[in-house]
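*Asks:* Would you be able to build a 3D model of this:
(2 chains)
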2 protein chains.
Amino acid sequence: MSRFTDRLGIRFPIVQAPMAGISTAPLVAAVANAGGLGTLGSATMSPETVEAQVRAVRALTSAPFALNFFVHAPPRVDEAAADRMWQRLGRSDSRPALSAPPPFGAAMLERVLALRPAVVSFHFGLPDDASLRAVKDAGIVVLSSATSVAEAKLLAARGVDAVIAQGIEAGGHRGTFAAPPDEGDLGTLALVPRIVDAVDVPVLAAGGIVDGRGIAAVLALGASAAVLGTAFLACPEAVLDPAYRGALSGPHAARTRITRLYSGRPARAIVTPFLEQHAALEGETLDFPLQRALSARLDVAMWAGQAAAAIRELPAAELVATLVRETEAAQRHE
Amino acid sequence: MSRFTDRLGIRFPIVQAPMAGISTAPLVAAVANAGGLGTLGSATMSPETVEAQVRAVRALTSAPFALNFFVHAPPRVDEAAADRMWQRLGRSDSRPALSAPPPFGAAMLERVLALRPAVVSFHFGLPDDASLRAVKDAGIVVLSSATSVAEAKLLAARGVDAVIAQGIEAGGHRGTFAAPPDEGDLGTLALVPRIVDAVDVPVLAAGGIVDGRGIAAVLALGASAAVLGTAFLACPEAVLDPAYRGALSGPHAARTRITRLYSGRPARAIVTPFLEQHAALEGETLDFPLQRALSARLDVAMWAGQAAAAIRELPAAELVATLVRETEAAQRHE
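*Replies:* Down below sits the predicted model:
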């Protein structure tokens, strides 16, 4: 159906988005076997866990799949600021230590080059030139997310094989790394055609897509594939806190918000009393991802996109097959 | 192409959105003659001006077209608050009087019933039951905008003939009238299928659509027609301040923001120094539309959607023909 699917040898232009800690081997393998591209939510895993997860996927499928990594700047560890934040979050007990997974670095690079996944996607930009070159020289297809035309051009100039255009509807962390003010909040419908026109590489579209109508829509916009995260949250293969799973089928799944309160970077999640109670602290969070060390003790971060209320509880393989049927129907205007 | 176009007898599922003061008779007639549905930006006109404009359109076309009205609550006139706002806007000179066009009322209703346009669209909800009934009984097709599923259901229950699903990308005033917090900011891609599934009337899609790819996309989402406003701003038929026209082709057209500073209600416009300088006043504006009496003296409100940087400077008829060709190409996946 497109250069991108041809290059990867996947049957359908459907990518299961990385969800850290949620999209593990069973979900990734099920999507791969169904003809889509699954992505391990490996951004917060150690190199050892990534290797174990890759082996687990490969035990279940011979199809290609993707790994995902965060490439943020290392946070400034400010214990006094953390004390203040903990107090302002209403806590007088002892505060959790400021531990956090490191960004993509030398140890992970070495492991990735040894494992040679078909695809690596980066979030919050790209690693340094030498690391990027090493990944590409290993024959690994490299993706990264853009939330503006300017970011897409930067990624293309650095040599990505495809750009993920991440619209404002998307759940989880905004990939924003260089968007000018007021240009990083575009809806998927406005963003995708602009990026398609601005870069020479294939564009994948993310944000607000949970059914075949959404997939058909972004293909009409010029995308080479659709990226769906939230749609897979209700799959039994997704590793989800029971409160999170319950909220997705509850009355408040339609209420999502972009917040820094969970991690220190903007990310879309279902609105909880915690988010409402501490909204005044949005501008004062600890550096990403240190805020997570505190928030994880206080609330379940229920990452979700704006179409969360419409997701279906289906095994991943069945969901992919349903999406394919729906896409074809929408393209025939049934 | 759909029940909606059949009912109205228009050739293409393309609606030119109302733009108060901008979409006047020449633009509306050109769109109508090209096979789309034009809409007079009549919300801020007197009944006499509306009648003159309708006559002007009818002198140019026999095709159907639409009128548009605001149905907000009358504002609380607070002269002391206006004095404070004028000062906080940095002014020490005498303040403009708090004059503002009234919402849709008895005099306009009478005129509308006499003029019998094919379509009337309301913004910010709907008028009272008796007025709405009178408009419908006159055979006029009634539309109104929803920014959430809840609003769409309210409109359908009140008897609208079609719902306009207005995504967050849209330029100009948000139609929001009853959206729960965090549910009125959905991207078009997330919003349209949810409303299509929630109501039994046709759904029109607005927000971020400026070319045929966008039209094909919203048709795939299940919309019966696409509503484009910003796309028509660069047409020579649009009545536009030269500074506004210049900004649309300038380097900052991609920077838009939802602001209350111009009118007192949230509306998307191109970011100007005025908006940046007074951002701290966003929460303290005068009741809609009284804020406009002050802001109009200080800045040109350049309403625009998130795809403003991609609009084409074409005569309206040529733009409609281009959109139709592009839509068909996108549907064939060329």
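*Asks:* And the contacts of stretch A:315-333?
*Replies:* A:12, A:14, A:16, A:27, A:30-31, A:33-36, A:211-213, A:215-217, A:219, A:228, A:231-232, A:235-237, A:312, A:314, B:219-222, B:331, B:333 (CB atoms under 8 Å, 6 or more residues apart in numbering or on different chains). No exception for glycine: its C-beta is placed from N, CA and C like everyone else's.
*Asks:* got the buried residues for that stretch?
*Replies:* For stretch A:315-333, a neighbour-count test (16 or more other CB atoms under 10 Å in any protein chain shown) marks A:316-317, A:319-321, A:323-324, A:326-327, A:330-331 as buried.
*Asks:* picking up where we left off before, buried among the contacts of stretch A:315-333? Make that a ChimeraX selection.
*Replies:* The ChimeraX selection below is limited to those of these classed as buried (16+ other CB under 10 Å):
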select /A:12,14,16,27,30,31,33,34,35,36,211,212,213,215,216,217,219,228,231,232,235,237,314 /B:219,220,221,222,331
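*Asks:* State the distance from the nearest residue to A:P236 once chain neighbours are set aside to A:I22.
*Replies:* Counting by CB to CB, 6 or more residues apart in numbering or on different chains, A:P315 is the residue found nearest to A:P236 once chain neighbours are left out, at 6.0 Å. For A:P315, the distance to A:I22 (CB to CB, to the nearest Å) stands at 16 Å.
*Asks:* Any figure for the gap between A:G222 and A:L143?
*Replies:* Noted for A:G222: a distance of 17 Å to A:L143, by CB to CB.
*Asks:* same question, A:R297
*Replies:* 33 Å.
*Asks:* before we move on, back to that, so what does the residue nearest to A:P236 look like in phi/psi?
*Replies:* phi -60, psi 150 (degrees, to the nearest 10).
*Asks:* for A:Q87, same thing?
*Replies:* phi -70, psi -40.
*Asks:* Same question for A:A165.
*Replies:* Torsion angles, degrees, to the nearest 10, at A:A165: phi -80, psi 110.
*Asks:* Quick check, pLDDT for it.
*Replies:* The per-residue pLDDT reported for A:A165 equals 98.
*Asks:* For it, name its beta-bridge partners.
*Replies:* Beta bridges link A:A165 to A:A146, A:A205, judged by DSSP bridges.
*Asks:* burial of it, as a residue count?
*Replies:* 35 (other CB atoms under 10 Å in any protein chain shown).
*Asks:* for the one 5 residues further on, same thing?
*Replies:* With neighbours defined by other CB under 10 Å, the count for A:A170 comes to 35.
*Asks:* quick one: it and A:W303 touch, right?
*Replies:* No - using CB atoms under 8 Å, A:A170 makes no contact with A:W303, being 9.6 Å away.
*Asks:* okay, and the common contacts of the two?
*Replies:* Contacts common to A:A170 and A:W303, judged by CB under 8 Å, 6+ apart, are A:229, A:268.
*Asks:* Spell out the secondary structure type for A:A243.
*Replies:* What DSSP: H, G, I helix; E, B strand; the rest coil gives for A:A243 is helix.
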